[in-house]
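In: Structure for this input, please:
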Amino acid sequence: MHTISFEQSQKRDRTQLVLKRVTSLSPVPKILSEVLELLKDLNTSPHTLAKAISKDQSIVVKILTIANSPFYGLAKRVSSIEYAIMILGFNEIRNIVTALSLMESMKNKSDEYMDQKGFWLHSYITATTAKKIADDFGIRESNDVFIGGLLHDLGISVIHRYMHSDFISIVENVKNGAKYSDAENNQLGMDHQNVGYTLLKSWNIPDSICEIVKYHHNPNLASNTKILTSIIHFADYMTQKLQLANFSWDDDLELKREATEILQFKEPEEVEKFISMYREPIILQIDSLRYLI
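Out: The predicted model follows:
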């Protein structure tokens, strides 16, 4: 027992060293640094900010996709990044650009072990569904929920890019019957929640987002974001339950009873009914992305 504990500690230390190198090798993406610098200046115009963001067309496309999402709740169609900035506001654009930049910087090429388009789709649908749930529940921090949803599985992307041999070992262990969380801990000494959390903390991402990422499979362990993290957990589970924009690493995901209690669902039937209400809207969301991912 002590040997296993020592081995796990060694593996965790090795993973921490890799993540430190990731932080130094992949500092905050250039576009994000430029956008954040512009946002410090109160005189920055939407046009100037749009020009900076437009240097990365993949991020432009994703921002417009987000702005026009039925779940995002904007009344008018957004056709330009400058108009998106005017409608969403500087703070919201900052959050979205931050999340998208970090996702892009951690992205690897698709291979037989991970489909990057499927990963983006899952992250996006989890984020927009979570925001819709938060809005339906009257949660004021629905924008934090959206960003947390985009970044909730960032750790998986990091493992795939920077610890690829470990990623393959995890997948192979799962094929042999292990659960993903057990396979991650056995291989890395931590799971993808902690991998994502560690990097986000090193980049000074707000604590609320970091905590959502760290506990999105165990929302009852969150200290200050139990409701927000429970919503992410619930939206994540919904993609698996409905088999819509689901991701393979959630194949063994179970809806935590504590999360349903935090969200004040009283009966299992109530949960099932709530989930079923989202099936068609999520299908429409996915259809709207067909030519954008």
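In: show me the contacts for residue 216.
Out: 148, 152, 193, 229, 232, 233, 236 (Cβ atoms under 8 Å, 6 or more residues apart in numbering). All C-beta spots, glycine's among them, are computed from the backbone N, C-alpha and C.
In: can you pull the contacts of the first one?
Out: Going back to what we said before, that points to residue 148. So residue 148 contacts 127, 130, 208, 209, 212, 213, 216, 228, 229, 232 (Cβ under 8 Å, 6+ apart).
In: And for residue 77, the neighbour number?
Out: Number of residues near residue 77 (other Cβ atoms under 10 Å) recorded here: 9.
In: Before we move on, what's the pLDDT of it?
Out: At residue 77, the model reports a pLDDT of 86.
In: again, but for residue 25
Out: 62.
In: and the nearest residue to residue 214 once chain neighbours are set aside, what does it touch?
Out: Nearest residue to residue 214 in three dimensions, chain neighbours excluded: residue 197, at 3.8 Å (Cβ to Cβ, 6 or more residues apart in numbering). Residue 197 makes contact with 155, 210, 211, 213, 214, according to Cβ under 8 Å, 6+ apart.
In: Kindly give a single PyMOL line that selects the buried subset of the residues you listed.
Out: A single PyMOL command is used to select the members of those judged buried by 16 or more other Cβ atoms under 10 Å:
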select buried, resi 155+210+211+213+214
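In: Save the contacts of residue 197 as CSV, and put in distance to residue 264 too.
Out: Converted to CSV, the contacts of residue 197 look like this (distance: Cβ to Cβ, whole Å):
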residue, distance to residue 264
155, 29
210, 25
211, 21
213, 24
214, 23
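In: among the contacts of residue 197, which two are most distant?
Out: 155 and 211 (14.0 Å; Cβ to Cβ).
In: my guess is residue 119 meets residue 153, correct?
Out: Yes - counting by Cβ atoms under 8 Å, residue 153 is a contact partner of residue 119 at 7.2 Å.
In: Give the intersection of the neighbour lists for the two.
Out: residue 247.
In: Alpha carbons of the top helix by length along the chain, as CSV, please.
Out: Secondary structure of the chain per DSSP state H: the longest helix is helix 2-25. Presented in CSV, the C-alpha positions along helix 2-25 are these (Å, rounded to 0.1, in the frame of the first residue of the first chain):
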residue,chain,number,x,y,z
HIS,A,2,2.8,2.4,0.9
THR,A,3,4.7,1.4,-2.3
ILE,A,4,1.6,2.4,-4.4
SER,A,5,1.3,5.7,-2.5
PHE,A,6,5.0,6.5,-3.1
GLU,A,7,4.7,5.6,-6.8
GLN,A,8,1.7,7.8,-7.2
SER,A,9,3.5,10.6,-5.5
GLN,A,10,6.4,10.2,-7.9
LYS,A,11,4.1,10.2,-10.9
ARG,A,12,2.3,13.3,-9.6
ASP,A,13,5.7,15.1,-9.2
ARG,A,14,6.6,14.1,-12.7
THR,A,15,3.4,15.5,-14.1
GLN,A,16,3.8,18.7,-12.1
LEU,A,17,7.3,19.1,-13.7
VAL,A,18,5.8,18.6,-17.2
LEU,A,19,3.1,21.2,-16.5
LYS,A,20,5.7,23.7,-15.3
ARG,A,21,7.5,23.3,-18.6
VAL,A,22,4.2,23.7,-20.4
THR,A,23,3.7,27.0,-18.6
SER,A,24,7.2,28.2,-19.6
LEU,A,25,7.1,26.9,-23.2
